[in-house]
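Enquirer: Predicted model follows, preceded by the sequence.
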Amino acid sequence: MEEQEGTKIEYMRWGKNTRIQHVLLIITFAILILTGFPLSFPETWWAQFLVKMMGGWWMRTQLHHAAGLSLVILSFYHILNIVIKSKNFRGFTKHKMIPSKKDIKDVLQYMKCLFGFVDEMPSWDRYIWKEKMEYWGVVWGMLVMATTGFILWFPFQFLEIIPFGWINLAGVLHFYEALIATLVVLISHFYNVHFLPDDPMQKTWLTGKMTRAQMKHHHPEELKDIDLFGEVRQD
């Protein structure tokens, strides 16, 4: 009975601002994938098909540059938004995406549960260690992709300040970081968020909401804070 009632009670976890950022991230990331990989495999049928659908190689390049620049701008906006909400550095260090000692304990408890040493899974807070790893993976990926991307965009200008070998290195790093990011999204993120057997196709990224039953299952520690203080924090 409690679980059935919990499916009717909803909590707003993601505000409109965060949902819009997430959708823009999806769009720009998808464009970068579709416009980036054909350059690495130009003679394959699928690359030629995608490039033809885009209107040719010149248009592919323009779309790739525009999406990359848009993603950099979005990243700066995201950082600025966090800083403004945090109000000061101390507030930023309390941000729920910052790794904590609890994450280490949760990972150990999670591994013990997987191998059958204990029966009880960790009691998750607002964001679990896997979500934090993905988040900071995006931060790292953005630093690598933005730096190498600008080098590849303006190779002759950068040749005046760095050796030619570094241009080639930038190309290698850009490709493999893009490949890793794509695999993480398609395999890890999709499974952990959208294809979980016990709660498939979560719509939080669209509605910003979670039911009480979902909160109790995925974020019990956060639900305790909500019950205690009477409000939920919106990102």
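Expert: Sure thing, it's come through.
Enquirer: contacting residues around E222?
Expert: Residues in contact with E222 (CB atoms under 8 Å, 6 or more residues apart in numbering) are W124, D125, R126, M215, V232. Using the backbone N, CA and C atoms, a C-beta is placed for each residue, glycine as well.
Enquirer: In the helix or strand harbouring it, which residues are buried?
Expert: Element membership of E222, judged by DSSP states H and E, is helix 220-229. By 16 or more other CB atoms under 10 Å, the buried positions in helix 220-229 come out as E221, E222, L223, I226.
Enquirer: swap in stretch 172-189?
Expert: For stretch 172-189, by 16+ other CB under 10 Å, it's L173, H174, F175, E177, A178, A181, V184, V185, H189.
Enquirer: farthest-separated two in the residues you listed?
Expert: Farthest-apart pair in the buried residues of stretch 172-189 is L173 and H189; separation 21.6 Å (CB to CB).
Enquirer: Hmm, K209 and M12 touching each other?
Expert: Yes - under the criterion of CB atoms under 8 Å, M12 makes contact with K209 at 5.5 Å.
Enquirer: does T204 really touch M210, like I thought?
Expert: Yes - using CB under 8 Å, T204 is in contact with M210, at 5.6 Å.
Enquirer: So which of these two has more stuff around it?
Expert: M210 (25 against 18; other CB atoms under 10 Å).
Enquirer: starting at the chain centroid, how far to the host helix or strand of the more buried one?
Expert: Assigned by DSSP H and E, M210 falls within strand 209-211. In this view, strand 209-211 has its centroid 20 Å away from the chain centroid, taken as CA atoms, centre = their mean, to the nearest Å.
Enquirer: can you give me the strands for the chain?
Expert: Using DSSP state E, the strands of the chain run over residues 10-12, 209-211.
Enquirer: Which neighbours do T204 and M210 have in common?
Expert: Residues touching both T204 and M210 by CB under 8 Å, 6+ apart: R13.
Enquirer: measure I26 to G171 for me?
Expert: Using CB to CB, to the nearest Å, I26 is found at 26 Å from G171.
Enquirer: Comparing these two, which residue is more hemmed in?
Expert: Neighbours were counted for I26 and for G171 using other CB under 10 Å; G171 has more, 16 against 12.
Enquirer: Next up, the contacts around that one.
Expert: The neighbours of G171, taking CB under 8 Å, 6+ apart as the test, are T148, L152.
Enquirer: Which pLDDT does the model give it?
Expert: At G171, the pLDDT value in this model is 96.
Enquirer: Tell me the spacing between it and L24.
Expert: Using CB to CB, G171 is found at 27 Å from L24.
Enquirer: chain center to the longest helix seen in the chain: distance?
Expert: Counting by DSSP state H, the longest helix found in the chain is helix 57-86. In terms of CA atoms, centre = their mean, the centre of helix 57-86 is found 14 Å from the chain centre.
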